[in-house]
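Trainee: Build me a model:
(chains A and B)
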There are 2 protein chains.
Amino acid sequence: MVKDCSIGVDLGGTNLRVALVSRAGEVLERTETPSCPDAGGDVVENLAAAIGWLFSDRVAGIGLAVPGLVDAQSGGIVTSPNIRAVEGVNLVDIFSRRFGVPVSLGNDASLAALGESVAGAGRDFNSFVLLTLGTGVGGGVVIDRKLLQAATELGHITVEAAGRRCLCGNSGCLEAYAGAAAIVAQAREVVSSGASTRMKNHDGNLTPEDVYRYAVDGDAAAAGVIITAGKYLGAGIASFINVFSPDAIILTGGLTGAWDILVEEAVREASRRAFPQLFQRCKIVPSALAGNAGIIGASALAFS
Amino acid sequence: MVKDCSIGVDLGGTNLRVALVSRAGEVLERTETPSCPDAGGDVVENLAAAIGWLFSDRVAGIGLAVPGLVDAQSGGIVTSPNIRAVEGVNLVDIFSRRFGVPVSLGNDASLAALGESVAGAGRDFNSFVLLTLGTGVGGGVVIDRKLLQAATELGHITVEAAGRRCLCGNSGCLEAYAGAAAIVAQAREVVSSGASTRMKNHDGNLTPEDVYRYAVDGDAAAAGVIITAGKYLGAGIASFINVFSPDAIILTGGLTGAWDILVEEAVREASRRAFPQLFQRCKIVPSALAGNAGIIGASALAFS
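Mentor: Purely as a prediction, here's the structure:
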């Protein structure tokens, strides 16, 4: 049997996603299983069952995209705040013994970059920086069509030295300004500051989508929150352009839904900050694979 | 004749330095020639003469370390604020035709990193970030013993979004806080603010060395200037640790003379800011090659 596909697993998100993916990066079949953050060992069993469901002789290997810090050498997951049940667990050992194929793992945002490179918005670029704009900010870097082997915790560069506290313990991280959680936190501050804004009368918890909708509907305070996030995102993008001189910055994640306000402001800000020669040759584009990038990148590990 | 050495040229500094270097990175012979910033084409002729002086059948190639942005693919120098005479000049074309060996070029700070990797403080590390702390701040990144092929304008990441104006046009660059020019500018501001400091009575222009000496001699205002620079340097180092997860940060350039105040403050600040797991495995050390790193790195291009 020709081993012409592999299994990609994305451990980010509320459900663990498992897919059978062709060598070219096409998702052939996929399934999901709950991440059961409180169920201890069950996460591993659920995952094994989902992989078993898609497994066949055609499968060359298994790749795991893990949120948090991973040690690709040892196969150990160093920290994974979203799924505590797998911290310290050696999934590489467990699954390679169970399925008899090579198992690799990497950070989910890095593997999303690899996925975009293989089959998405990165196909046309030799080098690019992918930024995931979700609750937090993460990323991956592809240079010369290869994934940069580094932590690339791109949300945790300092953009405002004496700035807002970040969940990582640092102050003034990009993530503390340009992530979805940061946007919600700032919207709440605006509301409790007594400023004039329709967000005051919002029923239930504000989401980033709500803030965006208020902004689109003409609420200046809501627009201000998103524009501020965009400015910091632009400062971060400029830093990445000056460091990596990439052909492109690829943006993905929920916040890209606010492209016309958030990202357009970021592009303007980056154009003011980055070296002009480097900015001009760098395209800023949305991802093409959205939620499948991590799975496809993880599956690509089997062929790299 | 075995081609067992190469010629490295460093176009940074007030004199252009040219050296014959063994494949192992040992400087066998060296010469200098003035950079004549105002003499137009003479720079190229002076350089050709210096190279000719060291050239022989043993020379496998010529490498050029150029301050500023270079386009390694085309061999063109995009911008080189320090030596305007070579901007737009294709030295690769000129010298390869003249000497009949391959000629390569790269950014001087990047090539200093390559030099440290081949024969200096980077020999023991698979991956490291080199920061040059001179008038400005530059750098290079080595990952898996290979030079990262990117602009790596590490002095031009934004560390204080609404911060000091940088020569590059941006605001709040690392270089605008942690370079020698920034330290002198801040010392002058302290003096003209009327604060109590012996720097007030300094004869002639303050240099960073002067500021350091006043600090060592107990001048709190001078120490404050260097400590502030150290804090920003630490924020920058933390960002590089979170992005590159390097085995080491190697520091070079004149400001490392202030190690006990500047760098020790930077290390403390970085320890507070970087991911602890990444900070702990990262050594922060001085360079071993000092002024020869660029030449050795440039010469190494002939064998890479």
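
Trainee: Quick check: what element follows the lowest-mean-pLDDT helix or strand in chain A along the chain?
Mentor: The helix or strand of chain A with the poorest confidence is strand A:76-79; it has a mean of 66 (mean pLDDT, DSSP states H and E). Once strand A:76-79 ends, the next helix or strand along the chain (criterion: DSSP states H and E) is helix A:91-99.

Trainee: For that next one, give me every contacting residue.
Mentor: If you take CB atoms under 8 Å, 6 or more residues apart in numbering or on different chains as the criterion, helix A:91-99 is touched by A:44, A:47-48, A:51-52, A:55, A:59, A:62, A:64, A:66, A:75-77, A:102-105. C-beta coordinates here come from the backbone N, C-alpha and C atoms, glycine included.

Trainee: For the stretch 151-300 of chain A, which segments count as helices?
Mentor: Secondary structure of the stretch 151-300 of chain A (DSSP state H, counting those that start in this stretch): helices at A:175-178, A:180-192, A:208-216, A:220-244, A:264-273, A:276-280, A:293-300.

Trainee: A:Val59 is in contact with A:Lys3, correct?
Mentor: Yes - counting by CB atoms under 8 Å, A:Lys3 does reach A:Val59; the two are 6.7 Å apart.

Trainee: Compare those two and say which is more crowded by neighbours.
Mentor: Using other CB atoms under 10 Å in any protein chain shown as the criterion, A:Lys3 and A:Val59 rank with A:Val59 on top: 22 against 15.

Trainee: partners of the more buried one in the sheet?
Mentor: Bridge pairing for A:Val59 (DSSP bridges) gives the partners A:Cys5.

Trainee: Show me where chain A dips below the pLDDT cut-off.
Mentor: In the predicted model, chain A carries pLDDT under 70 at residues A:35-41, A:72-85.

Trainee: Flag every residue of the stretch 51-200 of chain A that's near chain B.
Mentor: Listed as neighbours of chain B in the stretch 51-200 of chain A under the rule CB under 8 Å from any CB of the partner chain: A:69, A:78-79, A:127, A:143-144, A:148-154, A:156-163, A:168-172.

Trainee: buried subset of these?
Mentor: Buried members of these, counted by 16 or more other CB atoms under 10 Å in any protein chain shown: A:69, A:78-79, A:127, A:143, A:148-154, A:156-161, A:163, A:168, A:170-172.

Trainee: Now do the contacts for the residue of the stretch 1-150 of chain A at minimum distance from chain B.
Mentor: Of all residues in the stretch 1-150 of chain A, the one sitting closest to chain B is A:Ala150 (4.6 Å; CB to the nearest CB). Residues counted as contacts of A:Ala150 (CB under 8 Å, 6+ apart) are A:Val141, B:Ser127, B:Ile143, B:Val243, B:Phe244, B:Ser245, B:Pro246.

Trainee: from what I can see A:Ala24 touches A:Ala119, true?
Mentor: Yes - between A:Ala24 and A:Ala119 there is a contact under CB under 8 Å: 6.7 Å.

Trainee: More neighbours: which of those two?
Mentor: A:Ala119 (23 against 12).

Trainee: Just list the residues touching that one, thanks.
Mentor: Going by CB under 8 Å, 6+ apart, A:Ala119 touches A:Ala24, A:Gly25, A:Glu26, A:Ala288, A:Leu289, A:Ile296.

Trainee: Show me the beta-bridge partners of A:Glu32.
Mentor: Here A:Glu32 sits in beta bridges with A:Arg17, going by DSSP bridges.

Trainee: burial measure for it, as a count.
Mentor: The criterion is other CB under 10 Å. On that basis, A:Glu32 has 15 neighbouring residues.

Trainee: Likewise for A:Glu29?
Mentor: Number of residues near A:Glu29 (other CB under 10 Å) recorded here: 12.

Trainee: Strands of the stretch 1-150 of chain A, residue ranges please.
Mentor: Secondary structure of the stretch 1-150 of chain A (DSSP state E, counting those that start in this stretch): strands at A:5-10, A:15-22, A:27-34, A:59-66, A:69-71, A:76-79, A:103-107, A:128-133, A:137-143, A:146-147.

Trainee: Would you convert these into JSON lines that also reports distance to B:Gly204?
Mentor: Shown next, in JSON lines, are those (distance: least, CB to CB, whole Å):
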{"stretch": "strand A:5-10", "distance to B:Gly204": "63"}
{"stretch": "strand A:15-22", "distance to B:Gly204": "67"}
{"stretch": "strand A:27-34", "distance to B:Gly204": "69"}
{"stretch": "strand A:59-66", "distance to B:Gly204": "58"}
{"stretch": "strand A:69-71", "distance to B:Gly204": "51"}
{"stretch": "strand A:76-79", "distance to B:Gly204": "53"}
{"stretch": "strand A:103-107", "distance to B:Gly204": "53"}
{"stretch": "strand A:128-133", "distance to B:Gly204": "45"}
{"stretch": "strand A:137-143", "distance to B:Gly204": "46"}
{"stretch": "strand A:146-147", "distance to B:Gly204": "52"}
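
Trainee: who touches A:Val190 in this structure?
Mentor: Residues in contact with A:Val190, defined by CB under 8 Å, 6+ apart, are A:Thr197, A:Met199, A:Ala221, A:Ala222, A:Gly224, A:Val225.

Trainee: and if you look at A:Ala162?
Mentor: Listed by CB under 8 Å, 6+ apart, the contact set of A:Ala162 reads A:Ser171, A:Gly172, B:Glu160.

Trainee: Find the residue closest to the second one in space, skipping its chain neighbours.
Mentor: Spelled out, it's A:Gly172. Using CB to CB, 6 or more residues apart in numbering or on different chains and skipping residues adjacent in sequence, the residue nearest A:Gly172 is A:Gly163, 2.9 Å away.

Trainee: my read: the one you found touches A:Ala176, true?
Mentor: Yes - applying CB under 8 Å, one finds A:Gly163 in contact with A:Ala176, separated by 6.5 Å.

Trainee: circling back: nearest to A:Gly134, out of the contacts of A:Ala162: which one, please.
Mentor: A:Gly134 lies nearest to A:Gly172 out of the contacts of A:Ala162, by CB to CB, at 19.6 Å.

Trainee: Now the closest one: phi and psi?
Mentor: Geometry field for A:Gly172 lists phi and psi as phi 80, psi 20, criterion degrees, to the nearest 10.
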